[in-house]
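Peer 1: All I have is the shape, not the residue letters:
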């Protein structure tokens, strides 16, 4: 019936697996939970204890193989028809989380449950990721319209029919952090598959401090630029707001000017982004400006 698949990287998954196992055990279905460490060096002793639970498998890879490859590996190890992928830094807070997904376990299903910031953030050093997650990533009516318009696919919490995954897999050529899920969603679209969004979120417990979040955003933009430059996915601009804006800037020949303006005002923008009340509009400007400069960085 259901294989729950959890890629792990330096995070304690014991509470997540306990909560999932509790709900699965009372659901009267055949299930398994498979968790694989992707070259982690932290929480290994804690995480290996999940194997004490019935129908739970745990493995640890010595080397990091990347966010795309680890998801493919998890699917290859699964034995049931429906695959539920969950990121390791998520928390289950709905008692009917599994039950909600079971309603959609049917042929050709692709279902995104979303994620939420359930608790108020009290750490001012995490203000940027908290605000972005709360205003841009939660499944409210506004964000749902945007996701439907751009067919936005995110991988922290989704259900997919096994036979679809055999046909459309994560692109393992994407080794660096970021946008492997964007491309996976694009490949699903290209193959004629549609995904739906439901209100079945998990809590994002992986809040990062502002400086680290900006650094990871830059790494993800580097990855996105390389994908765009490869011309492997010409429809990328249709699902990526940043690529779409960049292509527009190039078309009207203001991409270089946009990049120069970004460098001129970068410090002022960063000062805002690491403040207690960062501007998400300035964050978008940061991403576009950074992206416009990537060619000059030699990427």
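Peer 2: Okay, I see it. On a predicted model such as this, the values are computed, not experimentally measured, just so you know.

Peer 1: mind listing the strands for the stretch 101-250 of the chain?
Peer 2: For the stretch 101-250 of the chain, the strands defined by DSSP state E, counting those that start in this stretch occupy 110-112, 115-116, 157-161, 196-197, 202-204.

Peer 1: which residues of this structure score low on pLDDT?
Peer 2: Along the chain, segments meeting pLDDT under 70 span 118-119, 121, 139-151, 296-299.

Peer 1: From the chain's centroid, how far away is the biggest helix by length in it?
Peer 2: Secondary structure of the chain read by DSSP state H shows that its longest helix is helix 210-230. Taking C-alpha atoms, centre = their mean, to the nearest Å, one finds the center of helix 210-230 at 13 Å from the center of the full chain.

Peer 1: related to what we said a few turns ago, any chance of the strands of the stretch 101-250 of the chain in JSON lines, with mean neighbour count and distance to residue 26 too?
Peer 2: Every residue, glycine included, has its C-beta placed from N, CA and C. As requested, these are arranged in JSON lines below (neighbours: other C-beta atoms under 10 Å; distance: least, C-beta to C-beta, whole Å):
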{"stretch": "strand 110-112", "mean neighbour count": "22", "distance to residue 26": "21"}
{"stretch": "strand 115-116", "mean neighbour count": "22", "distance to residue 26": "24"}
{"stretch": "strand 157-161", "mean neighbour count": "23", "distance to residue 26": "19"}
{"stretch": "strand 196-197", "mean neighbour count": "14", "distance to residue 26": "26"}
{"stretch": "strand 202-204", "mean neighbour count": "21", "distance to residue 26": "19"}
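
Peer 1: would a markdown table of those with distance to residue 276 be doable?
Peer 2: Below are the strands of the stretch 101-250 of the chain laid out as a markdown table (distance: least, C-beta to C-beta, whole Å):
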| stretch | distance to residue 276 |
| --- | --- |
| strand 110-112 | 31 |
| strand 115-116 | 21 |
| strand 157-161 | 29 |
| strand 196-197 | 31 |
| strand 202-204 | 20 |
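
Peer 1: Residue 285 is nearest to which of the ones you listed?
Peer 2: Put simply, out of the strands of the stretch 101-250 of the chain the one that sits nearest residue 285 is strand 202-204, at 24.1 Å, with distance taken as C-beta to C-beta.

Peer 1: Direction included, what does the closest one pair up with?
Peer 2: With DSSP bridges as the criterion, the sheet partners recorded for strand 202-204 are strand 90-91 (antiparallel), strand 115-116 (parallel).
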